[in-house]
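Visitor: give the three-dimensional model of this entry:
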Amino acid sequence: MTEREFDPETDLQIERLVRARPESIWRCWAESELFVQWFTPPGVEATEVDNDLRPGGRAFNVMKLPDGTLMPNGGCFIDAVPYEKLVFADAMTAGFRPAASPFTTAICDLIPQDGGTLHRATVLHVDAEGRKRHDGMGFHEGWGTTLDQLAGLAAAL
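Guide: Numbering: from 1, shown residues only. All right, here's what the predicted structure looks like:
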């Protein structure tokens, strides 16, 4: 993928310094039994996961809300550089098939640092309205909670 610039009009971004190696963070994305431990905020459960970390691979999970509602989330990995970067979008499904209702593209960079790895998540939206809507849904709180959980799990591996 080519380099990109952060556009505050259409993009959201959140970072965490994870006191773990990139390989441990990658495992937390790749292994379903680890993914379910960090991906959802308290009260929400990931009940099914299928992450095929390769370009064209399936990015799929089902979240069970506290009221029992199941929320399937499907997408496709566009790029996957082991221990460095994951790019996925819900604009398409596995095999780069178009999806009916695109929402975002997410880029997770794993940047080695002294004492760990900087996990930077950048979420791209079609326009400023989409960014504002996602931010209003609690982007920073939700992604912040799950990144903290990822950091704790990866550090323990």
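Visitor: for the rest of this, base every contact and every neighbour count on C-alpha atoms.
Guide: Fine.
Visitor: so where is this structure shaky, pLDDT-wise?
Guide: Within the chain, the set of residues satisfying pLDDT under 70 comprises 1-4, 100-102.
Visitor: the biggest strand by length in it pairs with which strands?
Guide: Counting residues, the longest strand found in the chain (DSSP state E) is strand 70-81. In the sheet, strand 70-81 lines up against strand 58-64 (antiparallel), strand 85-89 (antiparallel) (DSSP bridges).
Visitor: could you export the ones you listed as CSV, including mean neighbour count and distance to residue 9?
Guide: Shown next, in CSV, are those (neighbours: other CA atoms under 10 Å; distance: least, CA to CA, whole Å):
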stretch, mean neighbour count, distance to residue 9
strand 58-64, 20, 26
strand 85-89, 22, 19
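Visitor: dump the ones you listed into CSV; add distance to residue 5 as well.
Guide: Shown next, in CSV, are those (distance: least, CA to CA, whole Å):
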stretch, distance to residue 5
strand 58-64, 24
strand 85-89, 15
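Visitor: between these, which one is nearest to residue 24?
Guide: Residue 24 lies closest to strand 85-89 among these, at 13.2 Å (CA to CA).
Visitor: about what we covered before: can I get the longest strand of the chain in CSV, CA atoms only?
Guide: The C-alpha trace of strand 70-81 is given here as CSV (Å, rounded to 0.1, in the frame of the first residue of the first chain):
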residue,chain,number,x,y,z
LEU,A,70,-26.2,-10.6,17.5
MET,A,71,-24.2,-8.2,15.4
PRO,A,72,-22.3,-9.8,12.5
ASN,A,73,-19.4,-7.8,11.2
GLY,A,74,-18.0,-8.8,7.9
GLY,A,75,-15.2,-7.5,5.8
CYS,A,76,-12.0,-8.2,4.0
PHE,A,77,-8.3,-7.8,4.7
ILE,A,78,-6.9,-5.7,2.0
ASP,A,79,-3.3,-5.8,3.2
ALA,A,80,-1.5,-7.9,5.8
VAL,A,81,2.2,-7.5,6.5
